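[1] give me coordinates for this.
(chains A, B, C and D)
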2 protein chains.
Amino acid sequence: MKWDDPLPESIPVPLWFQIAERLRTAIKRGDFQPGETLPSEARLNQVFGVSRATSRTSLDRLEQDGLITRRSGKGSIVISPRVDQPVNEMSGFAEDMRRRGLLPSYDTRFVGRIRAPAEVTEALEIKPNMRVYQSRRLLKADGRPIGFAVSWLSPSLFRRIRPPSADDLNRGSLYEWLARQCGVKIIGAREFIEAAIVQKDMAAELNVPLGSAVLIARRSSHGSNGLPVEYAVLHFRADRYRFHLQVNR
Amino acid sequence: MKWDDPLPESIPVPLWFQIAERLRTAIKRGDFQPGETLPSEARLNQVFGVSRATSRTSLDRLEQDGLITRRSGKGSIVISPRVDQPVNEMSGFAEDMRRRGLLPSYDTRFVGRIRAPAEVTEALEIKPNMRVYQSRRLLKADGRPIGFAVSWLSPSLFRRIRPPSADDLNRGSLYEWLARQCGVKIIGAREFIEAAIVQKDMAAELNVPLGSAVLIARRSSHGSNGLPVEYAVLHFRADRYRFHLQVNR
DNA sequence: CAGTGGTCTAGACCACACA
DNA sequence: GTGTGGTCTAGACCACTGT
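    Alright, predicted model coming up:
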């Protein structure tokens, strides 16, 4: 499939998205090398028979994803490719692992209601000392411990719906469960990333010697209504995990 | 200043940007609370006398910056505000520190040409064992060590221009120097973030005990032509520094 | 139903880069 | 000069949300 083959007719996918995907795969394949320019907006209009706004929307997306930069008078220039797959797009642990070619699994250690510490009530924007649903899970990749996730969910989710069981949590992604059962999609988050020396109980869970380094992420997630959904603290083995992110502008 | 005051006439700033700034400050000020909706696109058209494409571009920017989400049929919904200052937008160390209310300074330990290790030649996309310009700098905030930056610059920068001196580097941001002297703006980067136990020489520089944790960032920066400009490895004291990032979609 | 954002068209004028 | 992306207008039809 060449990048400029005609688009299929009347499928329920936006034109701008189809065009962006064409260019994206062409870049991945190496048809456009880093430093080279993509076809101009006018050219895309001719090739795909669309208006300029549509082809611009395609390029907007590629720019936002860090694949190209655009310069007035020059064109849309391909940026050196990512070495790895993922980036800082929103993704749960399971998806993250699959993209790295590893098989994710969970061991749920605890589920239940507990009194939330201040760090949590602040993040979830609820009253101090309120009781919230907590889960504690060991995260594994190809069967080996890689991280430990402690997660608190907003009480507002469980007015009508029962919280997930340990089985639910072992079965798959928490985010998928929230989407299926609560109709809540997590669409963004704020994260703090820190380094620390592993604590005793966490060393046992992660199966690392005392004195090892861990990578810690504290994540506040929000749904499409803009309100907090989950607060999570994740510890990762420093020898098996690193964050990868793409920064623009 | 209310968010819907008339826009000044004929200033050389895009309308969509001015509108986005109005809404941004209104959100920061609390005129629109988290979970509330912003004025609809049609309303913005009336208020500012612009076309729908223009008001949409404003909202696109706010969405990209993680301030709002949009739902067809509902509106543009304000997301809970960031606790800290900005986030994963491109910024050098100096700017980063100033945003945290700290005074940045540098102690340059070394500048000169050295043979680049494989990690560097790969990131800069140059031939193995090529000699490149390296700098090693201690990063300080309010006079106290906070990190250590080792940076390699692409040889292509110095065909016509002399590399920066230790004085240049002590004086201010490397990125500002590159912009001024080489006309190269860094517009994006790829980063890996890791945790580790501090090494002996680094412990001495950072003034931390052996066995402490450090946060390590490995950054490949590229300019507006999409080609690599700088590769840097930064070690941060875990007790004084953490990353903060905003994840969308 | 009316209002919302999502997508798309067909034009326009501008500043910028390069030959 | 020609071609590039940056900005902007004035329409249009659609799917979705709530009443």
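
[2] break down chain A into its helices, ranges please.
    Ranges of helices within chain A are A:15-29, A:41-48, A:52-64, A:93-99, A:118-124, A:166-171, A:174-177, A:200-206, based on DSSP state H.

[3] who's the nearest residue to A:F158 once chain neighbours are set aside bridged to?
    Residue nearest to A:F158 in three dimensions, not counting chain neighbours: A:Y133, with 6.6 Å by CB to CB, 6 or more residues apart in numbering or on different chains. The way it works is simple: take the backbone N, C-alpha and C, and place the C-beta from them, glycine included. When bridges are called by DSSP bridges, A:Y133 pairs up with A:R113, A:L153.

[4] per-residue pLDDT of the closest residue to A:I197 other than its chain neighbours, please?
    Leaving out its chain neighbours, the residue that sits closest to A:I197 by CB to CB, 6+ apart is B:A213, at 5.1 Å. At B:A213, the pLDDT value in this model is 96.

[5] so B:A213 sits right up against A:Q199, yeah?
    No. Look at B:A213 against A:Q199 with CB atoms under 8 Å: they stay out of range, at 11.7 Å.

[6] and these two? Which one has more around it.
    B:A213 (25 against 12; other CB atoms under 10 Å in any protein chain shown).

[7] show me what contacts that one?
    Each residue near B:A213 by CB atoms under 8 Å, 6 or more residues apart in numbering or on different chains is listed here: A:195-197, A:213-214, B:195-198, B:238.

[8] number of nearby residues for the closest residue to DNA strand C within chain A?
    Using CB to the nearest atom of the strand, the single residue of chain A nearest to DNA strand C is A:G73, 2.5 Å away. Counted with other CB under 10 Å, residues neighbouring A:G73 total 4.

[9] quick revisit: right, so of the helices of chain A, which gets closest to A:V184?
    helix A:174-177 (9.0 Å; CB to CB).

[10] correct me, but A:L15 touches A:F48?
    Yes. Counting by CB under 8 Å, A:F48 is a contact partner of A:L15 at 7.1 Å.

[11] which neighbours do these two have in common?
    A:7, A:54.

[12] out of these two, which sits in the busier spot?
    More crowded of A:L15 and A:F48, by other CB under 10 Å: A:F48, with 21 against 17.

[13] for DNA strand D, see how far away the more buried one is.
    Per CB to the nearest atom of the strand, to the nearest Å, A:F48 is found 14 Å from DNA strand D.

[14] that residue contacts A:L7, doesn't it?
    Yes. Under the criterion of CB under 8 Å, A:F48 makes contact with A:L7 at 6.0 Å.

[15] just the CA coordinates of stretch A:140-157, formatted as PDB?
    What follows is stretch A:140-157, C-alpha atoms only, in PDB (Å, rounded to 0.1, in the frame of the first residue of the first chain):
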ATOM      1  CA  LYS A 140       4.100  -8.600  36.600                       C
ATOM      2  CA  ALA A 141       5.600  -8.900  33.100                       C
ATOM      3  CA  ASP A 142       6.100 -12.400  31.700                       C
ATOM      4  CA  GLY A 143       5.400 -13.600  35.200                       C
ATOM      5  CA  ARG A 144       8.200 -11.600  36.900                       C
ATOM      6  CA  PRO A 145       7.400  -8.800  39.400                       C
ATOM      7  CA  ILE A 146       8.000  -5.400  37.800                       C
ATOM      8  CA  GLY A 147       6.000  -3.000  39.900                       C
ATOM      9  CA  PHE A 148       3.400  -2.500  42.700                       C
ATOM     10  CA  ALA A 149       0.300  -0.400  42.300                       C
ATOM     11  CA  VAL A 150      -1.800   1.100  45.100                       C
ATOM     12  CA  SER A 151      -4.900   2.700  43.800                       C
ATOM     13  CA  TRP A 152      -7.800   4.700  45.300                       C
ATOM     14  CA  LEU A 153     -11.100   5.200  43.400                       C
ATOM     15  CA  SER A 154     -13.400   8.100  43.700                       C
ATOM     16  CA  PRO A 155     -16.500   7.200  45.900                       C
ATOM     17  CA  SER A 156     -18.700   8.900  43.300                       C
ATOM     18  CA  LEU A 157     -18.200   5.900  41.000                       C
END
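
[16] in that stretch, what's buried?
    Within stretch A:140-157, the residues that count as buried by 16 or more other CB atoms under 10 Å in any protein chain shown are A:140-141, A:145-157.

[17] among those residues, name the ones in strands.
    Among the buried residues of stretch A:140-157, the members found in strands (DSSP state E) are A:140-141, A:145-153.

[18] pick the one among those residues closest to chain B.
    Set against chain B, the nearest of these by CB to the nearest CB is A:G147 (11.8 Å).

[19] surely that closest one and A:Y241 touch.
    Yes. Proximity of A:G147 to A:Y241 meets the contact threshold set by CB under 8 Å, at 6.3 Å.

[20] sorry, back to before: tell me which two in the contacts of B:A213 are the farthest apart.
    Within these, A:V214 and B:V198 form the most distant pair, 14.1 Å apart (CB to CB).

[21] hang on, the earlier thing: now do the contacts for the residue of chain A closest to DNA strand C.
    Not one residue lies near A:G73 by CB under 8 Å, 6+ apart.

[22] what of A:E63?
    A:69-70, A:76, A:248.

[23] quick one: least confident of these?
    Ranked by pLDDT, the contacts of A:E63 bottom out at A:N248, which has 70.

[24] what pairs with that residue across the strands?
    On the basis of DSSP bridges, A:N248 is bridged to B:G188.

[25] what's the local residue count around it?
    17.

[26] returning to what we had before: isn't the residue nearest to A:F158 up against A:R162?
    No. With contact defined as CB under 8 Å, A:Y133 does not reach A:R162; the gap is 10.2 Å.

[27] show the pLDDT at the residue of chain A positioned farthest from its centre.
    What lies farthest from the middle of chain A is A:Q46; by CA atoms, centre = their mean that is 35.3 Å. If you check A:Q46, the pLDDT there is 93.

[28] residue contacts, it?
    With contacts defined as CB under 8 Å, 6+ apart, A:Q46 has no neighbours.

[29] now do it against A:R137, distance only.
    Distance, A:Q46 to A:R137, by CB to CB, to the nearest Å: 53 Å.

[30] what of A:G92?
    Remark: distance between A:G92 and A:R137 (CB to CB) = 12 Å.

[31] CA atoms only for stretch A:63-74, dumped as PDB, please.
    The C-alpha trace of stretch A:63-74 is given here as PDB (Å, rounded to 0.1, in the frame of the first residue of the first chain):
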ATOM      1  CA  GLU A  63       2.700  17.300  14.800                       C
ATOM      2  CA  GLN A  64       1.000  16.800  18.100                       C
ATOM      3  CA  ASP A  65       2.300  13.300  18.200                       C
ATOM      4  CA  GLY A  66       5.800  14.500  17.700                       C
ATOM      5  CA  LEU A  67       6.300  12.900  14.300                       C
ATOM      6  CA  ILE A  68       6.800  16.100  12.300                       C
ATOM      7  CA  THR A  69       7.400  19.800  12.700                       C
ATOM      8  CA  ARG A  70       6.100  22.500  10.300                       C
ATOM      9  CA  ARG A  71       7.800  25.700   9.200                       C
ATOM     10  CA  SER A  72       6.100  28.300   7.100                       C
ATOM     11  CA  GLY A  73       7.800  28.500   3.700                       C
ATOM     12  CA  LYS A  74       9.500  25.200   4.100                       C
END
